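1. Model the following, please.
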Amino acid sequence: MQLVDVSVRRPVFAAMMIMALVVFGMFAYPRLGVNLFPAVDFPVVTVTVIYPGADPTTMESKVAEPIEEAIQGVSGIKRMTSRNLEGVTSVIVEFELEVESGPALQEVRDKVAAIERDLPPGIDPPVIQRFDTGAVPVATIALASHLPKDELTRIADKLVKQELQQIAGVGQIELIGGQERQIRVEVEPGKLTSYGLAVGDVVDTLRAQSLDMPAGHVTQGSRELTVTTRGEVHSVAEIEALVITGLGGAAVRIRDVATVVDDMEEARSASSLNGNSALALIVRKQSGANTVEIADELRVVMAELGPRLDELGITYAIPNDNSTFIKKSIEDVEMDLIFGSILTVLIIWVFLHDWRATFISALAIPTSVIGTFAFMDFMGFTLNNITMLALSLSIGILVDDAIVVIENTHRHLEMGKPRMRAAREATNEIGFAVIATTLSIVAVFVPVAYMSGLIGRFFYEFGLTVSAAVLISMLVSFTLTPMLSARMMKLTHQESKFILARWFDRAFGMLERGYAATIRAALRFPSRRSCSRWRPWSRRSS
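-> Got it, this is the predicted structure:
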């Protein structure tokens, strides 16, 4: 027990050792993310393909089956299912829990990219995503205005969305209820037939004559200029003036065979605020980011944008903020943690009746809890209901080692030993018992952290947090507790000044005497069955 001897002789060393843990914990606490539950990695990958106009049978045979055959070669697949709807196919690939979702996602992307050329023409590019519980929506922002829907959508996309994406930790912002500007070319079949043209001729003209192309370089002495052919149209009139080559080389313009309409795209989603039409921005966070910090920063950014939106005739509201529930839940658990610590200190004082002993033993609670924050930051844990539950559960355990050390030190003081000698010898005497008690607790909670299955993923942070807090409390009982006991504890025989304490002492004394009498009677008059068991042992001992 060299650590105990050094801590008693070198109080600064013991104090700085524990203070180092406390300082690391204090710096780690602001960096800890705040979430409702731990970030659990579910290895699930979805492949979504949109084929406009295709029926479910076509989606299954032409899209879903080729993708499933390609993905079957990926290792670690537990289950693969597909859902085929009108124009949409979704292939859900569930991997074993031991598989990391990042490499699995990349492998699925490679397999789908290899057969993408074999899929029917006209489909949208496949969207491949992984199921991420950490990337949940943080808040929803609603924008309402009397402006046209396309203008409101443009402002929301170019102004509000751009500002919100600069917030650290924001992953994706989705617009709901927006409608962008769309120019429709409504072809008249009769006119097309009269000119000997087809719809494909109109499409080819729009595609070929509405683009910007590089046209090479022009060298002027020591300078080289880049030449670009500007051919992209920007108005309805320019589209109507595009020329289609008809029969015999006749020049037919778009306006001769079609009507060009400057309108908005078809509404695919809708959003409302207080019964009025609005546009919603759903803000999602990156996995592992601090939900509360993102929500607070989001409110600051929207408050800064408020005057500019008012000038444009736009009002905003935040109808949904998930950080409010998270903050309330964490605050409730923190209150339970503080209340449990206060009750623990009061119970210690009721039994010890000594503010010095109470202070020394209670000091293990904040030092162990704050030191555990440094461990949580090192392991990448967050402040959530599971880790806070672990800290609340360990409050009563953190003072066990310190109380044992203090009680044994008090016994050595009653034997007439000096305080430093009493603290050193008392701690050394029960050192292995303290280690055995602590390691027995660790032996229970560490396997909890490594349980298999989905439950084990949730309780991983729980088991390791409890184990780290208990191990730090053991270090405190071998360093800070004997050091303070050697300098603060006093042996006093005076009766307590508090009436409740004196009543407690008398009641506890009666209980102690009754227990001693019960033990003496049990040893003096053992049962006949017990005597038959103990008789051979008695002969050998005699």
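2. low pLDDT regions in the stretch 151-300 of the chain?
-> 209-215, 228-231, 246-249, 266-269, 275, 288 (pLDDT under 70).
3. all helices of it, in order?
-> Assigned by DSSP state H, counting those that start in this stretch, the stretch 151-300 of the chain shows helices spanning 161-164, 189-194, 199-208, 236-240, 254-257, 291-311.
4. Mean neighbour count, those: which tops it?
-> Among the helices of the stretch 151-300 of the chain, the stretch with the highest mean neighbour count (mean count of other Cβ atoms under 10 Å) is helix 254-257, at a mean of 19. Using the backbone N, CA and C atoms, a C-beta is placed for each residue, glycine as well.
5. moving C-terminal of the longest helix seen in the chain, what's the next helix or strand?
-> Longest helix in the chain by number of residues, with DSSP state H as the criterion: helix 322-352. Following helix 322-352 in sequence order, the next helix or strand is helix 355-362 (DSSP states H and E).
6. how about that following helix: buried residues?
-> Within helix 355-362, the residues that qualify as buried are R356, A357, T358, I360, S361, A362, counting by 16 or more other Cβ atoms under 10 Å.
7. So which of those is the closest to T226?
-> Each of those was checked against T226 using Cβ to Cβ; the closest is A362, at 75.0 Å.
8. give the contact list for the closest residue to the closest one other than its chain neighbours.
-> Counting by Cβ to Cβ, 6 or more residues apart in numbering, A362 lies nearest to V345, which is 4.5 Å off, once chain neighbours are set aside. By Cβ atoms under 8 Å, 6 or more residues apart in numbering, the contact set of V345 is T358, A362, I365.
9. again with A289
-> Each residue near A289 by Cβ under 8 Å, 6+ apart is listed here: G33, G134, A168, G169, V170, G171.
10. can you do 7 Å?
-> G33, G169 (Cβ atoms under 7 Å, 6 or more residues apart in numbering).
11. how close does it get to A295?
-> Between A289 and A295 the distance, using Cβ to Cβ, to the nearest Å, works out to 11 Å.
12. M388 now?
-> 19 Å.
13. repeat for G431
-> In terms of Cβ to Cβ, G431 sits 48 Å off from A295.
14. Can you get me a residue count around G453?
-> Neighbour count of G453, defined by other Cβ atoms under 10 Å: 8.
15. so what's it closest to, chain neighbours aside?
-> Closest to G453 by Cβ to Cβ, 6+ apart is L97, at 6.9 Å.
16. which residues sit in contact with the one you found?
-> P43, G453, L454.
17. per-residue pLDDT, it?
-> L97 is assigned a pLDDT of 79 by the prediction.
18. Doesn't it belong to a strand?
-> No: applying DSSP: H, G, I helix; E, B strand; the rest coil, one finds L97 to be coil, outside a strand.
19. Could you report the separation of it from G177?
-> 38 Å.
20. go on, P447?
-> Distance from P447 to G177, by Cβ to Cβ: 50 Å.
21. More neighbours: these two, which one.
-> In terms of neighbours (other Cβ under 10 Å), G177 is the more surrounded of P447 and G177; the figures are 22 against 11.
22. I'd say the more buried one and N276 touch.
-> No: using Cβ atoms under 7 Å, G177 is not in contact with N276; the gap is 11.3 Å.
23. in what helix or strand does E69 lie?
-> helix 65-71.
24. Could you list every helix and strand in contact with that helix?
-> Identification of packing neighbours for helix 65-71 by 3 or more Cβ pairs under 7 Å, 6 or more residues apart in numbering; DSSP states H and E yields strand 77-85, strand 88-95, helix 101-115.
25. Recalculate using a threshold of 8 Å.
-> Helices and strands touching helix 65-71, by 3 or more Cβ pairs under 8 Å, 6 or more residues apart in numbering; DSSP states H and E, are strand 44-50, strand 77-85, strand 88-95, helix 101-115.
26. D310: which of those is closest?
-> strand 44-50 (38.4 Å).
27. ok, and what's touching that closest one?
-> 59, 63, 67, 71, 87-95, 101, 104-105, 108, 112, 119, 123-124, 126-131.
28. contacting residues around the spatially closest residue to M451 that is not a sequence neighbour?
-> With Cβ to Cβ, 6+ apart as the criterion, M451 has its nearest non-adjacent residue at 6.3 Å, and that residue is F459. With contact taken as Cβ under 8 Å, 6+ apart, F459 is in contact with I386, V448, A449, M451.
29. Would you convert the contacts of V345 into a markdown table that also reports distance to V203 and pLDDT?
-> Below are those laid out as a markdown table (distance: Cβ to Cβ, whole Å; pLDDT from 0 to 100):
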| residue | distance to V203 | pLDDT |
| --- | --- | --- |
| T358 | 85 | 84 |
| A362 | 80 | 84 |
| I365 | 74 | 87 |
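30. Next, format the residues you listed as TSV and append distance to G221.
-> Below are the contacts of V345 laid out as TSV (distance: Cβ to Cβ, whole Å):
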residue	distance to G221
T358	90
A362	85
I365	80
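31. Tell me the one of those residues nearest V187?
-> Closest approach to V187 among the contacts of V345 (Cβ to Cβ): I365, at 78.0 Å.
32. Check the contacts of strand 44-50 for burial and list the buried ones.
-> 59, 63, 67, 71, 87-91, 93-95, 101, 104-105, 108, 112, 119, 123, 126, 128, 130-131.
33. elements contacting the helix or strand where T58 lies?
-> Per DSSP H and E: T58 is located in helix 56-58. Under the contact criterion of 3+ Cβ pairs under 8 Å, 6+ apart, helix 56-58 touches strand 77-85.
34. Tell me which strands the strand it packs on pairs with, and in which orientation.
-> strand 88-95 (antiparallel) (DSSP bridges).
35. With distance to R207 as new columns, can the helices and strands packed on helix 65-71 be given to me in CSV?
-> CSV is the format used below for these (distance: least, Cβ to Cβ, whole Å):
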stretch, distance to R207
strand 44-50, 21
strand 77-85, 30
strand 88-95, 26
helix 101-115, 25
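36. and of these, who's closest to M19?
-> Comparing those by Cβ to Cβ, helix 101-115 comes nearest, at 39.1 Å.
37. Show the subsequent helix or strand relative to the closest one.
-> strand 127-130.
38. Quick one: mean pLDDT over that following strand.
-> Mean pLDDT, strand 127-130: 85.
39. from the buried residues of helix 355-362, which is closest to S477?
-> Using Cβ to Cβ, S361 is the member of the buried residues of helix 355-362 that lies nearest S477, at 9.1 Å.
40. Could you measure from that closest one over to S75?
-> S361 is 54 Å from S75, by Cβ to Cβ.
41. residue ranges with poor pLDDT in the stretch 351-500 of the chain?
-> Applying pLDDT under 70 to the stretch 351-500 of the chain flags the ranges 491-500.
42. Grab the CA positions of the host helix or strand of F462 and hand them over as CSV.
-> If you go by DSSP H and E, F462 is part of helix 460-478. The C-alpha trace of helix 460-478 is given here as CSV (Å, rounded to 0.1, in the frame of the first residue of the first chain):
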residue,chain,number,x,y,z
TYR,A,460,-22.9,-0.2,-23.1
GLU,A,461,-22.5,3.3,-21.8
PHE,A,462,-24.4,2.4,-18.6
GLY,A,463,-22.1,-0.4,-17.5
LEU,A,464,-18.8,1.4,-18.3
THR,A,465,-20.0,4.7,-16.6
VAL,A,466,-20.8,2.9,-13.3
SER,A,467,-17.5,1.0,-13.4
ALA,A,468,-15.5,4.1,-14.1
ALA,A,469,-17.2,6.0,-11.2
VAL,A,470,-16.6,3.2,-8.8
LEU,A,471,-13.0,2.8,-9.7
ILE,A,472,-12.4,6.5,-9.3
SER,A,473,-14.1,6.4,-5.9
MET,A,474,-11.6,3.6,-4.9
LEU,A,475,-8.7,5.8,-5.9
VAL,A,476,-10.1,8.6,-3.8
SER,A,477,-10.4,6.3,-0.8
PHE,A,478,-6.7,5.4,-1.1
